[in-house]
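Enquirer: Fold the following for me, if possible:
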Amino acid sequence: MTVVRTMASADLTASDHTRIRALLDDAFDGDFDDQDWDHSLGGLHVLITVDGTMIAHGAVVQRRVLHQGRSYRCGYVEAVAVHPAHQRRGFGAALMAEAERIIDNGYALGALSASDEALKLYLGRGWRRWPGGTAVLAPAGVMRTAEDDDSTLVRPVAGGATLNEAALLICDWREGDVW
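Expert: Down below sits the predicted model:
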């Protein structure tokens with residue numbers, strides 16, 4: 001039986017943490033570190049299990065995004081993974097449908113940083129590459145993040161942020177990968 005659950009980070013058990021982290025380590029082939037894990041905490045987790053086995057995870061966390069002098073509440077998608085043995089069977093789409101529902105009903109916009117492997121999934125779901133360039137509000141001020149321009153995707157929300165696609169999108173500071 002396939003079960004899709006949405007849980008707050010605060011409601012995850014120690015066993016959930018262990019199972020999610022093992023899934024992420026497997027799916028990212030060892031390229032998922034403690035900072036990446038930290039970025040996925042503090043929001044809502046979408047979990048998919050099949051016959052009790054955790055096979056997919058994604059998180060939506062709140063971030064602040066600055067754009068043309070305004071600060072917007074952004075639902076930022078983190079740590080999306082489907083176990084390699086279950087990929088290309090619709091689980092990523094099911095996970096993203098729930099993440100998008102959360103974003104559409106709780107945030108002014110959605111954003112994420114896509115790997116090359118996942119780009120097709122997100123673009124096929126209506127996410128768009130951000131054409132105006134990216135930056136971060138770092139401790140030393142606004143710093144351009146041109147290396148993240150090609151991987152940064154946005155999801156406009158009806159009645160949400162008014163975005164000028166020719167202007168920078170500036171994310172809040174965090175340790176590790178800022179986007």
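
Enquirer: Every contact and neighbour count from this point should use C-alpha atoms.
Expert: Fine.

Enquirer: Leu47: how many residues sit nearby?
Expert: Leu47 has 23 neighbours, counted by other CA atoms under 10 Å.

Enquirer: can you pull the buried residues of the helix or strand containing it?
Expert: In the assignment (DSSP states H and E), Leu47 maps to strand 44-50. For strand 44-50, the neighbour count (16 or more other CA atoms under 10 Å) marks Leu44, His45, Val46, Leu47, Ile48, Thr49 as buried.

Enquirer: which other residues reach it?
Expert: Residues from elsewhere that reach strand 44-50, judged by CA atoms under 8 Å, 6 or more residues apart in numbering: 1-9, 54-61, 91, 95, 98-99.

Enquirer: Buried residues in stretch 88-104, which are they?
Expert: For stretch 88-104, the neighbour count (16+ other CA under 10 Å) marks Phe91, Gly92, Leu95, Met96, Glu98, Ala99, Glu100, Ile102, Ile103, Asp104 as buried.

Enquirer: so the fifth one sits in a helix?
Expert: Yep, that's Glu98 we're talking about. Yes. Counting by DSSP: H, G, I helix; E, B strand; the rest coil, Glu98 is part of a helix.

Enquirer: What is the longest strand along the chain packed up against?
Expert: The strand that spans the most residues within the chain, counting by DSSP state E, is strand 53-67. When contacts are defined as 3 or more CA pairs under 8 Å, 6 or more residues apart in numbering; DSSP states H and E, strand 53-67 sits against helix 14-27, strand 44-50, strand 70-82, helix 91-106, strand 169-172.
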